[in-house]
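1. predicted structure and sequence below. I'll ask about it afterward.
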Amino acid sequence: MSWQLDAAGANTAKGAGEGSVMDCLTFPPRPTTPPEIAKYRRSTALAPGQRYQHYGVSDDFRSMNLSERTFGAAASQGDVHAAELINHHALTELQRINIAKSEKVYRGAAREPLGRTVDRHITLPSKFTEGKVPFGCLGKSSMEPAKDIIFPQLSEEQVKGDEIYKRSHGNFAPGEQRNRGYKWHVDPTTTRFGVKGDTLAFNGVSKNIADVLKGAGENPSVINTKKVEDFRNMSDILGKTKNLGQDSASRPFDTIYGKGSASGRKKGGQWGAAEVIKGKYTDVQQMPDHDLGKSITPGFRNISFEDRAYGCPSIRSDLPAGNPNKRSLADSQNYGDDVPAQDLINPPTFSDLAIDALAMSQRKTKAQLVALFAKIGFQLEPAVSDALFVDASAGSNYATINAFRDAVSEYVAAVEEGREREWRELRRVV
C-alpha cells in the first residue's frame, strides 16, 4: 500500500488561486480622500502645478465651471493698446499753445508753474537779497560746525589717554603701525637691518632666507610667532617671578619694593619680620629656665640636695646611639644627631642624591681627591694636581672636597682667561 503526502506550504502552481508570489506582491490601491473632505486639506489646495483654491469656492468651480471661464471683455483689434497709452504721440507747436491757453484758467497753474518755485509776489529787504543773510536766529548747534561733529579734533588729554591704552592693551588704530617705543639710533624708515647677503640671485636674499628658514648648520632654525613668545615670557616660569610687563628685568636684582616698616625707620631699630623669624635673643635669654626639669607645684616638689633634674630627657645622650646608617626605623629615640628642621625647610646641596652635607667637608688624601675629580672629567697633570693639593691642604696631608674644588675652579678660570702661564710661574709648576 502506497501513501501520498501533500507538500507543505501554499500551492503556487498556475491557476491555484490565491497565495502566489504575484498575488503577494500586488497591493490594492489606497483609498482616496472624499471630495467633501479633500477641499479642506492643504495637500489638495497646494498641489504643485495647480491654482490655489479656497475651500469656500472649490464647489463653485465644479458647479459653475469657473476653471474654463475668463473674466473681463476681450479686446478688439481697433481698441487702443497699452503701448499707445504709455507712449504719447508727439504734439505739434500749435497743440502746445492751445494746451497752455486752456491751462491758464486754473489758479494753480499760474501760481505754481511747472519747474519753478511758488511766486507769492513778496518783496524781500535788501539785506536778504544782497548780503545773503540767512533767516532765523543762531542756535547752539550753529556754533559747532558739522565738520567737527563728523571729524572731531582730539584734545591733548585724549591723545595721552590713547598712548596709555596702546602701552597697556595694545589698542592701535586700524592701519596704524605698531610702535613699541624703541629708542632707535638710526632712522627705522630708511635703514635696512641685517648683513648683506651673498652676491647671488636677488643679491643673495633668496639663499640667506632659505638658510634662516631651513636652518644652516647643525641646529635648525625655529621660527615662531611673536604672540607665542610673548605668552612664554609673560607666563609663570619655575624659579622666577612672573613678568608683568613693567620692565622689571631692567631693575637691579636686589631691588626691594614697597615702603619700609615703621619699626625699621625709627632710630635704634625695633623688631621686624626678619627678627621674628631669625630671632635676636641675648645669651642670657637663651639660657634654660632655672626650674627646668623641676616641679614648681607646691606639695609636689622633689627635695634633693643634689643638682639634678628628674624625668626622662628628650635627647637620650645616656643611651648608646649606634651607627645612624644602621639604625632601625622603629627606633623613635632622639640621640642628638637627628636632622634639624632647617634641613627640612631648606635641604642642603646634593641631598636628593643621598649625599650627606658633611661629605663635602670630610678630609681626604691627595690620591682620593685626584681620583674623584678624574671621574667627573678633570684629567689633571701630576705637577698641576700637586700644586692644587698644596693650595687646598695649606701644607697638610689632607684636604676637603670643597677646598680642592675651589683650587680647581681657580685653575680653570686662569686657563680660560689666558693666565695659565702666570699661574704656573707663581706656583713653580713646569
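-> Yep, it's here. Numbers count the residues shown, from 1 in each chain.
2. rest of the way, CA atoms for contacts and neighbours
-> Fine.
3. flag the shaky bits of the stretch 101-250 of the chain, pLDDT-wise.
-> 131, 138-144, 195-221, 249 (pLDDT under 70).
4. break down it into its helices, ranges please.
-> Taking DSSP state H, counting those that start in this stretch as the criterion, the stretch 101-250 of the chain carries its helices at 107-111, 126-129, 146-150, 156-169, 205-214, 226-234.
5. adding distance to A359, write those helices out as CSV.
-> Converted to CSV, the helices of the stretch 101-250 of the chain look like this (distance: least, C-alpha to C-alpha, whole Å):
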stretch, distance to A359
helix 107-111, 121
helix 126-129, 109
helix 146-150, 81
helix 156-169, 53
helix 205-214, 50
helix 226-234, 39
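6. what's the closest of the ones you listed to Q286?
-> Nearest of the helices of the stretch 101-250 of the chain to Q286, taken as C-alpha to C-alpha: helix 226-234 at 47.6 Å.
7. got the CA positions of the closest one in PDB?
-> Only the C-alpha atoms of helix 226-234 are listed here, as PDB (Å, rounded to 0.1, in the frame of the first residue of the first chain):
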ATOM      1  CA  LYS A 226      55.600  86.900  18.500                       C
ATOM      2  CA  LYS A 227      52.200  86.100  20.100                       C
ATOM      3  CA  VAL A 228      53.600  82.700  21.300                       C
ATOM      4  CA  GLU A 229      56.900  84.200  22.500                       C
ATOM      5  CA  ASP A 230      55.100  86.900  24.400                       C
ATOM      6  CA  PHE A 231      52.900  84.300  26.100                       C
ATOM      7  CA  ARG A 232      56.000  82.300  27.100                       C
ATOM      8  CA  ASN A 233      57.700  85.400  28.500                       C
ATOM      9  CA  MET A 234      54.600  86.600  30.400                       C
END
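8. what sits up against that helix?
-> K242, N243, L244, G245 (C-alpha atoms under 8 Å, 6 or more residues apart in numbering).
9. of these, buried ones?
-> Neighbour counting by 16 or more other C-alpha atoms under 10 Å classes none of the contacts of helix 226-234 as buried.
10. run a quick neighbour tally on V408.
-> 21 (other C-alpha atoms under 10 Å).
11. hang on, I meant V370
-> That count, for V370 with other C-alpha under 10 Å as the rule, works out to 19.
12. in which helix or strand does it reside?
-> helix 366-375 (DSSP states H and E).
13. could I have that helix exported to CSV, CA atoms only?
-> Output of helix 366-375 as CSV, limited to C-alpha atoms (Å, rounded to 0.1, in the frame of the first residue of the first chain):
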residue,chain,number,x,y,z
LYS,A,366,95.6,63.6,47.5
ALA,A,367,95.1,60.3,45.7
GLN,A,368,91.4,60.2,46.7
LEU,A,369,90.8,63.7,45.6
VAL,A,370,92.6,63.3,42.2
ALA,A,371,90.7,60.1,41.5
LEU,A,372,87.4,61.6,42.5
PHE,A,373,87.8,64.7,40.2
ALA,A,374,89.1,62.4,37.4
LYS,A,375,85.7,60.6,37.4
